[in-house]
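1. show me how the following folds:
(chains A, B, C and D)
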There are 4 protein chains.
Amino acid sequence: MKIHPDDITTFNQADENQRAEDLDFLTRRLTSSGHDPDKILDRLSDLQIAIPSWALGSGGTRFGRFPIGGQPRNLDEKIEDVGLLHQLSQMAGNISLHIPWDIPDDTERIKALAAEYHLTFDAMNSNTFQDQPDQKLSYKFGSLSHTDPSVRKQAVEHNKQVIDYGKSLGSKSMTVWLADGSNHPGQTNLSAALKRTGDSLAEIYAHMPADWSLFIEYKPFEPYFYSTVIPDWGTSYLLASETGERAYSLVDLGHHLPNTNIEQIVATLISRGKLGGFHFNDSKYADDDITVGSIKPYQLFLIFMEIIQGTATSPHNPDIAYMIDASHNLKDPLLDLLESLDAIGLAFLKASIIDFEALSDAQNRNDISRSSAILQDAFHTDVRPLLREYRVRKGGVHDPIRFYAEHNIREQLIRNRGKNTLATGL
Amino acid sequence: MKIHPDDITTFNQADENQRAEDLDFLTRRLTSSGHDPDKILDRLSDLQIAIPSWALGSGGTRFGRFPIGGQPRNLDEKIEDVGLLHQLSQMAGNISLHIPWDIPDDTERIKALAAEYHLTFDAMNSNTFQDQPDQKLSYKFGSLSHTDPSVRKQAVEHNKQVIDYGKSLGSKSMTVWLADGSNHPGQTNLSAALKRTGDSLAEIYAHMPADWSLFIEYKPFEPYFYSTVIPDWGTSYLLASETGERAYSLVDLGHHLPNTNIEQIVATLISRGKLGGFHFNDSKYADDDITVGSIKPYQLFLIFMEIIQGTATSPHNPDIAYMIDASHNLKDPLLDLLESLDAIGLAFLKASIIDFEALSDAQNRNDISRSSAILQDAFHTDVRPLLREYRVRKGGVHDPIRFYAEHNIREQLIRNRGKNTLATGL
Amino acid sequence: MKIHPDDITTFNQADENQRAEDLDFLTRRLTSSGHDPDKILDRLSDLQIAIPSWALGSGGTRFGRFPIGGQPRNLDEKIEDVGLLHQLSQMAGNISLHIPWDIPDDTERIKALAAEYHLTFDAMNSNTFQDQPDQKLSYKFGSLSHTDPSVRKQAVEHNKQVIDYGKSLGSKSMTVWLADGSNHPGQTNLSAALKRTGDSLAEIYAHMPADWSLFIEYKPFEPYFYSTVIPDWGTSYLLASETGERAYSLVDLGHHLPNTNIEQIVATLISRGKLGGFHFNDSKYADDDITVGSIKPYQLFLIFMEIIQGTATSPHNPDIAYMIDASHNLKDPLLDLLESLDAIGLAFLKASIIDFEALSDAQNRNDISRSSAILQDAFHTDVRPLLREYRVRKGGVHDPIRFYAEHNIREQLIRNRGKNTLATGL
Amino acid sequence: MKIHPDDITTFNQADENQRAEDLDFLTRRLTSSGHDPDKILDRLSDLQIAIPSWALGSGGTRFGRFPIGGQPRNLDEKIEDVGLLHQLSQMAGNISLHIPWDIPDDTERIKALAAEYHLTFDAMNSNTFQDQPDQKLSYKFGSLSHTDPSVRKQAVEHNKQVIDYGKSLGSKSMTVWLADGSNHPGQTNLSAALKRTGDSLAEIYAHMPADWSLFIEYKPFEPYFYSTVIPDWGTSYLLASETGERAYSLVDLGHHLPNTNIEQIVATLISRGKLGGFHFNDSKYADDDITVGSIKPYQLFLIFMEIIQGTATSPHNPDIAYMIDASHNLKDPLLDLLESLDAIGLAFLKASIIDFEALSDAQNRNDISRSSAILQDAFHTDVRPLLREYRVRKGGVHDPIRFYAEHNIREQLIRNRGKNTLATGL
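-> Numbering: from 1, shown residues only, chains lettered A, B, ... in the order given. Got it, this is the predicted structure:
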């Protein structure tokens, strides 16, 4: 669904004066402390967040699911949904495809369709954690790490095929989330499984075009509950280093043990030029996959601080691929994604107005009350006027969440697509 | 499937001499330290573990499932499977029913069938965490705690119906696992939700016959990821106290935050006469639901220490209802349950041979090296000969896991039931 | 040290215009959404945070300490320091005494001295987790829960004495943090220890004047590492309920297992009228005792949301006693406390501007995107102008942290007290 | 204190027959399943556990300490104590020195003294987490990672000096536990601190003799509570790889976030030839530093399984340096160490009798019930007779804990050294 530009204009005009006043207030504050709001907005413009093709329908848990109506029935409708998110927010200019859930029937047509919505294709995603109906060998006991070479070969071939799809869509990277693991001590030989995984990754890497990147995700548990083959950033980094120059770690915010200092992992990976991408979500307990910024907004701010600071001082890290990877169990998926985009935009903006020079000076003098104060000052600043301005300038709406509700978009989707559609995905 | 007594005899006779020797060795050791092995076996005989009707098929995660063949297709076959477990292990004399997954068509017939397998019906289980196809109102936003009184009424009525089924089957208790909760701060008014839950539980309690008990389970998260209505033992205890004399807390080993001292919760609840039941499983990260004793066998031993000690000194706690509540994602469900029964039996036996008198004396003198040594001595003792002896004496087999494998029972079940059957459950 | 009113005036006047502009902007925003800023400031005025007498010097860990100069050498100087914090922030009008670290030599004189600084005496604190040089029996193996009745008696007598000191100082409450616990399974009989604890608390309770309250703190571990006698809110609630009407739970933010939903505990305790007090600090891993709001500012906001909401709807909960309980290992203790007071003030103000009516409405309709948006709106608002206004109106300075630094207060303290003073405390 | 050989003989003879019977029973069991008990004992003989010079006195927490009498007053007495532990257990043939707590006045004399007790010097330990009285620059804000090059230089020089002491004592390795970190977000530039650390380690490494190894320890928190410079195995591995061939990671069992799969870290490090050493202890919550095996004996068994399996298949990992690093807050330190040695011996023996061939076969066939059964079989075997036999054969006593108690060794130490001695250390 495309929103008519007139509707956008009408919506934006409604409280134009108030917004102008707010922006003026903020701009004066920022300018007086040495910031250039226009430059900040330019950088925000580069922060495009990919939406995964599997996140446009309702999610669920092993205990059940409560599907919403109007879910996209095919890849075309998924692109349409991402297009809508991008049109409103101007922050979601990429789509990340999952194979085999969203195999494009005709890559040229799909590419053209995406272009119509101003979307490009971000990292491709393979799936060897489920058995597909027509699959020859089972992944029950692993895929890239399986003891049986023929299962490994099948899984490697699948990954190669995903790369091939990506090539024709213009994607430039491949994300491997390898769910392989074990449920009980002794089930697998841990170091042998790691060795086999490295070998399989090397084959996938070799199949990639020379301008592609490989992102290696890590996760400590779920769907396996004793060990996973790539449990932590250390293992991911190890494999990335051994696999090749264009192999990188990918950080999913929900894939850490309790109390992990994620922002430090971010800093370390960037310092070694090995941070490839992010999967954004939020969590209180485990891989909860809830709305970005809904539990730990300060952590998100600190992560962006490390990104901004790290990429400024370690220029050999590649451009980072950002994606939202949440599960919309209760909320309307599109609304939930809009909330997440808001949270990401605000965290980025708050981190952007940190006085990094003063911070660096305080750090060098070990003036730790001062460094705290600098962070707090940025975090407590209300940067929403800037995010609204960005969207309006780019052609979007200043408040996508309100627009979505007021225009009854879900009702329209249900009318168009039906009440009981189910999107492929989890 | 019933095993022919001759097969049992043949199996047991095969290494009778070795077993006799092992038993003799252990018996001498135990006797010399003041234990009476026969009395211990009598107490083991009272430790019957209920098998839930939903645990006889393959489990899964939100990411997928890998079903095994030969799963029971109906309640009759589930009873048959529990019967087999009990015949082999002599430790699984109860079945715990879940409604609506396993509604008995004819309670008298089902009761008789269970009796044939020497099984009785333990606690009944309701389900308000999923929507059933024919259900009028959705539980998406809660059931017993829902803001809408008509949803609460529907959920209460369902629970009453479960009690009614239980009455006709001879069950004497009802377990409420209330999955209600929220995914985001602000989604629910936490104390209002707690109030509504208490009111609903009171209605369910009032419907129970006078000789029934109500077990209130707690769980910190999953399927909801910000809050659950009954997150911890404290809330469960609060509700049990306020609901009535025959309302108790139920402890599921996987339903705790990291590092929780579960055995202390057990001790505290018993001291207040409020420990109603257990759901056994093991876990490393969250509610992993893996084989009992496969990760933390020492914790299981300590739990039984508290049970034995607590029930001896706080005689006002009711008999505890024990159940295995695991999810068999990779292992053969029946084999997995046999492993869990083994682990429970061994932990119980090891706890039984603690020298409680010496322990109490060491505790009173604060001789903490001595109290450690007493526990270690019991835990390091190899009590397997006693467990084997128990089973053989009662008509079971000394090593159910080996018997199951050697008799190709899964293959027989597949032959009888088919390769693609799916048991109702998670 | 008292700051001369002229210095305050001078400091506040420096950026008066800017502040007026900021306040004006915020006031218009708040007023337009139905808030009355003056009423909010009135309520902030009631939120006085006690400063504990042991938190005015440098803290440390078991690995070492790095003391700062100018620490208060006696109770008089501690009162002086709290007086300074209060004069600047207008939020620290109470002092919480610890016995035996800060035994008042002459309670009348001390009371008068405190009054000079506009301070009153909040909850008294006892100490049975250390052995004092002159102590007859050791607390190595426990105090209120000790197996030996004479040790229990000594510990109870100490608590009674603390109450007596408090009476003469005008305090109205007593906090018991009972560190008793065990380091190894089997070291203590857990339920017997709980029983003895309850008996000891009953004796302490009986000694309290009729208008006093008893606050029972809980903590899962440290200084003991297997069990503590009061590990969680459930046990604290249990003991408070059994001890008497004026016995309450006390929540220290650092005393929880990983991932605990603390705000839900707050809601539950208030709903039962049993939340007595708070110890504020922040933590990432354990009882880290770092600056309030420095790690999880959103959690602090949610806690204040529950407090404001809960006390409005459950009027039978008593007034809550607030205290900061942090350890200043690296930062200047006074600066650290000022940072914490800032964080508390901001969290309280943000929670105060939640649109509770709209929230309640959204909750009743299960409009969970709306309820998220309501919370986010309050949290993202920059309420600092209001906090600054409050302080100036009450006679304090708008930015205590900057004032403290610019006036070289630590240097003055060092000049007055010396470089190597050590405050009693941890 | 040296025990007279006659006392040992007398003690061992007392229940010689019973022990012979037990050993005979176990030997028959092991032999019948293909094990050679003598070979196992040979391997146990290689498993010498270093005792750190700082662990022979009472430990404590930041809340207090309860010292025991008879603590060693100097390095000579510490060597004497380790000698006693070794004489009794035959498992503690190494001592690990800490500088500056235990600076040897005369290295030749100290070396000779150690030799008298059959002790050699294991890894040396430096200390830059405390300020020493005579120290020029403070480590309050870091040492090897400090922003100020002169502090880093001081810390590097100290480490070089420790190496020099070690050279003259015959040690062959150096352990760096770098406590540097930060207490608040923003306090340090995380990647700059990591860079400085790497540079400092390189200088230390360059100072080591060519046959020395450098062990780099990691720890997520404490004494700092927001970040540490080397928080996890990944960072330690990164630094070890970058520092040099003879730089390795060191695993302290208490230095992990909740739920970490430590045995997998062990497997991964060995597979890359980078596991240098272990610090043994046990913990339930954080770095609790309690008796080895007292909380998670099964985890200890799994760790030894990975060690035995890993070193057999990855022969390029160096010999691993084992040390006990516990804090004896309540127990008699020597008794506590004897308990830990017992736990290590038993875990090693249980892991040694795993049927690795059958396990490997089950793993290759993904027979996960079988692999579980193989582990359980080894773990449930009572291997104590073998540990006792080992000690008696080597000249020690079969039950050091009982011997220690029955011979009133602590009382003798108090008599010799006094009641109020304090050993240097934490």
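2. how much space between the residue nearest to residue A:202 when sequence neighbours are not counted and residue A:160?
-> Distances taken as Cβ to Cβ, 6 or more residues apart in numbering or on different chains put residue A:243 closest to residue A:202, at 5.8 Å, once the chain neighbours are dropped. Where you see a C-beta, it was placed from the backbone N, CA and C, and this is true even at glycine. Separation of residue A:243 from residue A:160 (Cβ to Cβ, to the nearest Å): 15 Å.
3. for whatever residue of the stretch 1-150 of chain A ends up closest to chain C, give its distance to residue C:33.
-> Relative to chain C, the nearest point of the stretch 1-150 of chain A is residue A:25 (5.2 Å; Cβ to the nearest Cβ). Residue A:25 is 16 Å from residue C:33, where distance means Cβ to Cβ.
4. who's more crowded, the two?
-> Neighbour count, other Cβ atoms under 10 Å in any protein chain shown: between residue A:25 and residue C:33, residue A:25 has more, with 19 against 13.
5. need the nearest residue in space to the residue of the stretch 201-350 of chain A found nearest chain C, chain neighbours excluded.
-> Residue of the stretch 201-350 of chain A nearest chain C, by Cβ to the nearest Cβ: residue A:258 (3.9 Å). Once flanking residues are discounted, residue A:258 sits nearest to residue C:258: 3.9 Å by Cβ to Cβ, 6+ apart.
6. which ones are touching residue A:398?
-> Each residue near residue A:398 by Cβ atoms under 8 Å, 6 or more residues apart in numbering or on different chains is listed here: A:11-12, A:15, A:19, A:388-389, A:391-392.
7. can we see that at 10 Å?
-> A:8, A:11-12, A:14-16, A:19, A:88, A:384-385, A:387-392 (Cβ atoms under 10 Å, 6 or more residues apart in numbering or on different chains).
8. which of those sits closest to residue D:59?
-> Distance to residue D:59 across those (Cβ to Cβ) is lowest for residue A:384, with 51.5 Å.
9. and residue A:338, how far is that from residue B:80?
-> 52 Å.
10. how about residue A:15?
-> From residue A:15 to residue B:80 the distance is 68 Å (Cβ to Cβ).
11. who has more neighbours out of those two?
-> residue B:80 (20 against 14).
12. if we ignore the residues flanking it in sequence, what's nearest that one?
-> residue B:1 (6.1 Å).
13. now do the SS call for that neighbour.
-> coil (DSSP: H, G, I helix; E, B strand; the rest coil).
14. that one is in contact with residue B:87, isn't it?
-> Yes: Residue B:1 is within contact range of residue B:87, at 9.1 Å (criterion: Cβ atoms under 10 Å).
15. the more surrounded of the two?
-> Legend: neighbour count by other Cβ under 10 Å for residue B:1 and residue B:87, higher for residue B:87 (21 against 13).
16. quick one, what contacts that one?
-> B:1-3, B:5, B:8, B:117-118, B:394-397, B:400.
17. next SSE downstream of the strand or helix carrying it?
-> Per DSSP states H and E: residue B:87 is located in helix B:75-89. Counting by DSSP H and E, the next helix or strand C-terminal to helix B:75-89 is strand B:94-96.
18. what's around residue A:39, how many residues?
-> Around residue A:39 there are 10 residues (other Cβ under 10 Å).
19. what is the helix or strand containing it packed up against?
-> For residue A:39, the element it lies in under DSSP H and E is helix A:37-46. The contact analysis (3 or more Cβ pairs under 10 Å, 6 or more residues apart in numbering or on different chains; DSSP states H and E) places helix A:37-46 against helix A:16-32, helix A:333-352, helix A:384-394.
20. which residue is the nearest non-sequential neighbour of the residue of the stretch 251-400 of chain A found nearest chain B?
-> When scored by Cβ to the nearest Cβ, the stretch 251-400 of chain A has residue A:288 as its residue closest to chain B, at 3.6 Å. Leaving aside its sequence neighbours, residue A:288 sits nearest to residue B:225 (Cβ to Cβ, 6+ apart; 3.6 Å).
21. closest to the centroid, which residue in chain A?
-> Taking Cα atoms, centre = their mean, the centroid of chain A lies closest to residue A:323, which sits 1.5 Å from it.
22. ok so, going back, the residue nearest to residue A:202 - how many residues pack around it?
-> 20.
23. what's the answer for residue A:191, then?
-> For residue A:191, using other Cβ under 10 Å, the count is 21.
24. next one: phi and psi at it?
-> Note on residue A:191: its backbone torsions stand at phi -80, psi -30 [degrees, to the nearest 10].
25. my read is that it contacts residue D:271, right?
-> Yes: using Cβ under 10 Å, residue A:191 is in contact with residue D:271, at 3.9 Å.
26. thinking again about what came up before, quick one, what contacts the closest residue in space to the residue of the stretch 1-150 of chain A closest to chain C that isn't next to it in sequence?
-> Once flanking residues are discounted, residue A:25 sits nearest to residue C:25: 5.2 Å by Cβ to Cβ, 6+ apart. Residues in contact with residue C:25 (Cβ under 10 Å, 6+ apart) are A:21-22, A:24-26, A:29, A:382, C:382, C:385.
27. and the gap between residue A:95 and residue A:325?
-> Counting by Cβ to Cβ - residue A:95 and residue A:325 are separated by 13 Å.
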